[in-house]
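1. Have a look at this prediction, sequence included:
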Amino acid sequence: MTEKIDINVLIENMAENISSHCGTQGYKNPLMIGIQRGGVWIAARLHQKLKLADPLGELNIAFYRDDFSKIGIHPEVKPSKLSINLDDRHIILVDDVLHTGRTIRAAMNEIFDYGRPASISLAILVERSGRELPIHPDIIGKTITLKEGEHAKLSGPEPLALEIMKSG
Amino acid sequence: MTGKNIQLDKNGNLKHFLSIEGLSQPLLHTILNYAESFATVDKRPVKKVPLLRGKTIANLFFEPSTRTRTTFELAAKRLSADILNLNISTSATSKGEILSDTLRTLEAMHCDMFVVRHANSGAAHYITSQVAPHISVINAGDGRHEHPTQAMLDMFTIKQHKKDFTKLSVAIVGDILHSRVARSEIHALNVLGTNEVRIIGPHTLIPKEIEKLGVHIYHDMNSGLKDVDVVVMLRLQRERMRGALLPSEDEYFKRYGLTNQKLKHAKKDAIVMHPGPINRGVEIDSDVADGKHSVILQQVSHGIAIRMAIMAMVMGQINRDENKEKKK
């Protein structure tokens, strides 16, 4: 099964939803952070559409993964880029696919080593089945149900494309 | 070393870190790349990542050290590991305990990694052959043999300033004979494809057969430093010298001490490195050590990042192997 998903439409909707989410919550001047790599690609588009004042933050969670004791250091380690003080800021955390929730947990742990934000909201391009932790997104591009052995993968940054693939 | 490289597991991944000799270029680049990420941890409000949480590391120093021991300690702490500092020269071995008993005792304390410094060449290799399979060993300097983490932090420092090793001329100056740093450094520069490696020093302090490592030997500073990009000064290791290798420190400084005058022969943007501790007025003039070409203090900060990278790599590898064993 290969389903064609129009990512541009999803991102357009996400941007609108982030705007209204921040409006109803009273979040002024939110700070956007993308999780490397796919999350940063999505966040860069959203950041541009929302015309946010502060530069986009990039988070690499390799040092915070909970599977280090199983698989060792992650091969795609790149430095995180968070130049702004996070204290008392409203953060919009962006990732491409929400699956088990472990990446988001790791990302939140890392964020708290940079400061104490006022709040964190989670924006996800694709929410899929298979959550293992109590983590729920605030903004969702699309929800999909995958059969066992299927997974969703984002390729990019140009062009962005989402593929549903069978693993193995 | 002959035959199998005991530093690597059967898939060629780093399990111990004992010598640069025998390691591949991609592996050295991996270490340098990881170190770049670990270097950013230093700049954050919380200078710690949870990678080695729950691991116990023992610093086994059979020989005194300040800089290397403390940067290993800091690196371990920044990775959230627990670290024990053992000055073996003042502890149980001086009460007659033999080395293998010391090792068994530390294993019984559930240590996961030994960082070893010893006055005898090959000590870290020997300890590696004696420890339980779940333990990683890192060589923090063995006799005149190697000091591989120092070499890697120097490579990291060079890379920060000069990028491409294949275009560089590097001069290593001074007491090559007693220097494990020099040996590791030459291997690392060769593996990374450095254009030219020069050795500068008096006849008495240059080991025979060093040319086999592909270096060019100079006995005169002015010609040796001509147009080099990097100058690595070495400490004059008086404590290891037996017999009359040198006329006097003054005479040595006159001929081989790095001054701004001699440095003029190097390229304009040359960097000056020194593994420390520096002997001002013996191998290097204060004006150079504190001058604009000096990157000596950067080397110290880079030492933490490099040691974090190497510790994380060997520990991750051990974990992976153990898990595979369990699955079988």
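-> Ah, there it is.

2. which residues touch the closest residue to B:Gly193 other than its chain neighbours?
-> Nearest residue to B:Gly193, sequence neighbours excluded (C-beta to C-beta, 6 or more residues apart in numbering or on different chains): B:Thr166, at 4.8 Å. Backbone N, C-alpha and C define where each C-beta goes, glycine included. By C-beta atoms under 8 Å, 6 or more residues apart in numbering or on different chains, the contact set of B:Thr166 is B:193-195.

3. Just the buried ones from those, in ChimeraX syntax?
-> Applying 16 or more other C-beta atoms under 10 Å in any protein chain shown to the contacts of B:Thr166, the buried members can be selected in ChimeraX as follows:
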select /B:194
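
4. Can I get stretch B:221-237 in PDB? Just the C-alpha atoms.
-> Taking Å, rounded to 0.1, in the frame of the first residue of the first chain, the C-alpha atoms of stretch B:221-237 are listed here in PDB:
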ATOM      1  CA  MET B 221      64.300  25.000  13.800                       C
ATOM      2  CA  ASN B 222      64.500  27.600  11.000                       C
ATOM      3  CA  SER B 223      64.400  25.100   8.200                       C
ATOM      4  CA  GLY B 224      62.100  22.700  10.000                       C
ATOM      5  CA  LEU B 225      59.400  25.300  10.600                       C
ATOM      6  CA  LYS B 226      59.600  26.700   7.100                       C
ATOM      7  CA  ASP B 227      56.000  27.200   5.900                       C
ATOM      8  CA  VAL B 228      54.400  24.700   8.300                       C
ATOM      9  CA  ASP B 229      50.700  25.100   9.200                       C
ATOM     10  CA  VAL B 230      50.800  23.500  12.600                       C
ATOM     11  CA  VAL B 231      53.600  23.500  15.200                       C
ATOM     12  CA  VAL B 232      53.300  20.900  18.000                       C
ATOM     13  CA  MET B 233      55.700  21.600  20.800                       C
ATOM     14  CA  LEU B 234      56.600  18.700  23.200                       C
ATOM     15  CA  ARG B 235      57.500  18.900  26.900                       C
ATOM     16  CA  LEU B 236      61.100  18.100  27.700                       C
ATOM     17  CA  GLN B 237      60.600  15.000  29.800                       C
END
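
5. on that earlier part again, from the contacts of B:Thr166, which is closest to chain A?
-> Nearest to chain A among those: B:Gly193, at 22.4 Å, using C-beta to the nearest C-beta.

6. from what I can see the closest one touches B:Pro26, true?
-> No: taking C-beta atoms under 8 Å as the definition, B:Gly193 is not a contact partner of B:Pro26, at 11.9 Å.

7. now the closest residue to A:Ile7 other than its chain neighbours: how far from chain B?
-> By the measure of C-beta to C-beta, 6+ apart, the closest residue to A:Ile7 outside its immediate chain neighbours is A:Leu160, 4.8 Å from it. Noted for A:Leu160: a distance of 25 Å to chain B, by C-beta to the nearest C-beta, to the nearest Å.

8. Can you check the pLDDT for A:Leu160?
-> Predicted confidence (pLDDT) for A:Leu160: 91.

9. can you pull the contacts of it?
-> Here A:Leu160 is in contact with A:7-8, A:41-42, A:45, A:154 (criterion: C-beta under 8 Å, 6+ apart).

10. Swap in 7 Å and give it another go.
-> The neighbours of A:Leu160, taking C-beta atoms under 7 Å, 6 or more residues apart in numbering or on different chains as the test, are A:7, A:41, A:154.

11. Which helix or strand contains the last one?
-> Right, the one you point to is A:Leu154. Using DSSP states H and E, A:Leu154 maps to strand A:150-155.

12. doesn't A:Ala62 fall inside a helix?
-> Yes: A:Ala62: assigned to a helix according to DSSP: H, G, I helix; E, B strand; the rest coil.

13. Quick check, the residue in chain A closest to chain B?
-> Going by C-beta to the nearest C-beta, chain B is nearest to A:Gly72 of chain A, at 2.8 Å.

14. how many neighbours does that residue have?
-> If you count neighbours by other C-beta atoms under 10 Å in any protein chain shown, A:Gly72 ends up with 21.

15. near chain B, which residues of chain A?
-> Within chain A, the positions near chain B by C-beta under 7 Å from any C-beta of the partner chain are A:60, A:63-64, A:68-73, A:77-80, A:113-115.

16. Run through the residues that contact the residue of the stretch 151-300 of chain B at minimum distance from chain A.
-> Here the residue of the stretch 151-300 of chain B nearest chain A is B:Gln160; by C-beta to the nearest C-beta that distance is 13.3 Å. If you count contacts by C-beta under 7 Å, 6+ apart, B:Gln160 has none.

17. Let's test this: what are the backbone torsions at it?
-> phi -60, psi -30 (degrees, to the nearest 10).

18. Any stretches of chain A with poor pLDDT?
-> Filtered on pLDDT under 70, chain A yields the residue ranges A:1-4, A:76, A:167-168.

19. which residues in it form strands?
-> Secondary structure of chain A by DSSP state E: the strands cover A:31-35, A:57-59, A:90-98, A:119-128, A:139-144, A:150-155, A:161-166.

20. Redo those strands as JSON lines? Include mean neighbour count.
-> Below are these laid out as JSON lines (neighbours: other C-beta atoms under 10 Å in any protein chain shown):
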{"stretch": "strand A:31-35", "mean neighbour count": "25"}
{"stretch": "strand A:57-59", "mean neighbour count": "24"}
{"stretch": "strand A:90-98", "mean neighbour count": "24"}
{"stretch": "strand A:119-128", "mean neighbour count": "22"}
{"stretch": "strand A:139-144", "mean neighbour count": "18"}
{"stretch": "strand A:150-155", "mean neighbour count": "16"}
{"stretch": "strand A:161-166", "mean neighbour count": "15"}
